[in-house]
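**Student:** Below are the sequence and a predicted model for it; my questions follow.
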Amino acid sequence: MQNTVPTQATTSPNTGCIDLHLHSTASDGTQSPVEVVRSAAAAGMKVVALTDHDTTAGWDAAAAAAMDTGVGFIPGIEVSSKLGGASVHVLAYLPDPTHPALMASMERVRFDRVHRAQRIVAAIGEDYEFTWDDVVAVSQPGATIGRPHIADALVARGIIANRSDAFTGMLSHHSKYYVPHESPTPDEAIATIREAGGVPVLAHGGSRGQALLAPDVFARMVDAGLLGVEIEHRENDDESRRILRAYANDYDLIVTGSSDYHGTGKPNQIGENTTAPSQLARIVACGTGSAPVNLN
Ligand code: AMP
Ligand code: ZN
Ligand code: FE
Ligand code: FE
């Protein structure tokens with residue numbers, strides 16, 4: 001697919017007030033969409049995007065809170081994909097929330113996430129007193145279920161101390177309890193986001209080592225329609241940021257920086273990384289599936 005990104009510019013990390021990667025209880029954040037937007041306003045943000053995993057369920061409440069607080073709102077999704085067994089996240093800005101292919105793909109992933117979580121819980125239940133009801137008790141109805149919900153349930157049961165311990169222990173990839181969930185490939189996810197009028201931006205591309213950043217793998221994602229890369233993110237190390245910057249330059253990609261806020265579920269703080277206004281302008285110029293809210 002042709003890359004149609006207008007005007008190249010650079011990012012200005014850690015100085016701005018545009019944070020385009022935030023999670024709510026619609027997926028695995030700990031604050032409601034309204035609370036997330038209010039927290040962002042209190043933290044001095046001028047524009048935020050809600051990017052819950054594989055769902056648009058938080059958009060309406062977040063948009064209303066944005067109007068109330070005077071914050072600009074970009075509707076977004078963090079789309080799950082998988083390459084060679086490794087999870088790859090693709091942010092989708094301004095996609096059409098009714099697009100049949102995108103909706104169907106996200107529904108499949110959400111469905112399999114529940115099935116996978118139930119298998120993880122059943123395996124843990126063989127060693128500990130732990131059931132699916134424990135997970136339901138800590139999850140918002142309809143939320144995109146992930147390991148964070150299982151972690152919260154383990155904490156509530158007193159089996160572990162906090163989410164982060166779960167991710168380095170019982171729920172890590174290396175754990176005997178770990179089960180993956182089904183997802184499209186990054187190329188499929190990117191193409192579907194473009195079909196839905198969205199702007200696909202590779203999320204924290206360096207967070208799982210450099211496999212994703214191999215020239216042929218990256219070029220295929222650009223061919224599929226990738227329009228941007230999240231560079232300033234706490235999980236991207238110096239080397240992956242250098243590689244991502246070089247690709248952004250070579251392919252004239254949009255460059256973002258974001259917090260990946262999950263409320264109290266992760267240490268990430270709103271505004272710890274931010275996106276330059278010029279880059280937000282490119283996202284808004286490319287996104288045709290839905291409209292920004294309250295953007296001056
Ligand atoms: P899953 O999608 O079920 O494989 O779980 C991975 C998700 O858990 C990622 O999106 C992480 O952002 C999220 N997560 C939330 N809290 C934590 C945490 N404390 N440590 C690591 N990952 C976390
Ligand atoms: Zn998450
Ligand atoms: Fe992610
Ligand atoms: Fe995220």
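**Tutor:** Nice, thanks for sending it over. Ligands and ions are numbered 1, 2, ... in the order given.
**Student:** shaky segments in the stretch 1-150 of the chain?
**Tutor:** Across the stretch 1-150 of the chain, the ranges flagged by pLDDT under 70 are 1-15.
**Student:** Let's see that with 50 instead.
**Tutor:** 1-14 (pLDDT under 50).
**Student:** Taking it, what residue is nearest to ligand 1?
**Tutor:** Gly146 (3.0 Å; CB to the nearest ligand atom). Using the backbone N, CA and C atoms, a C-beta is placed for each residue, glycine as well.
**Student:** My read is that that residue contacts Arg113, right?
**Tutor:** Yes - Gly146 lies in contact with Arg113 (CB atoms under 8 Å); the separation is 6.4 Å.
**Student:** sorry, back to before: just give the nearest non-adjacent residue to the residue of the stretch 1-150 of the chain closest to ligand 1, would you?
**Tutor:** Asp28 (4.5 Å; CB to CB, 6 or more residues apart in numbering).
**Student:** Kindly report the same for Pro148.
**Tutor:** Nearest non-adjacent residue to Pro148 (CB to CB, 6+ apart): Asp28, at 3.8 Å.
**Student:** residues near that neighbour, how many?
**Tutor:** Neighbour count for Asp28, taken as other CB atoms under 10 Å: 26.
**Student:** So it is in contact with Gly265, correct?
**Tutor:** Yes - using CB under 8 Å as the test, Asp28 is close enough to Gly265 to be in contact (6.4 Å).
**Student:** Do the lengthiest helix in the chain and ligand 1 come into contact?
**Tutor:** Scanning the chain for the helix with the most residues, using DSSP state H, yields helix 100-125. No - using CB under 6 Å from any ligand atom, helix 100-125 stays clear of ligand 1, with a minimum separation of 6.6 Å.
**Student:** For the stretch 1-150 of the chain, list the residues in contact with ligand 2, please.
**Tutor:** His23, Asp28 (CB under 5 Å from the ion).
**Student:** Show me the strands in the stretch 1-150 of the chain, by range?
**Tutor:** In the stretch 1-150 of the chain, the strands defined using DSSP state E, counting those that start in this stretch lie at 18-22, 47-53, 72-83, 86-93.
**Student:** again, but for the stretch 151-296 of the chain
**Tutor:** Using DSSP E, counting those that start in this stretch, strands in the stretch 151-296 of the chain cover 199-202, 228-232, 254-257.
**Student:** Please consider this matter closed, and thank you.
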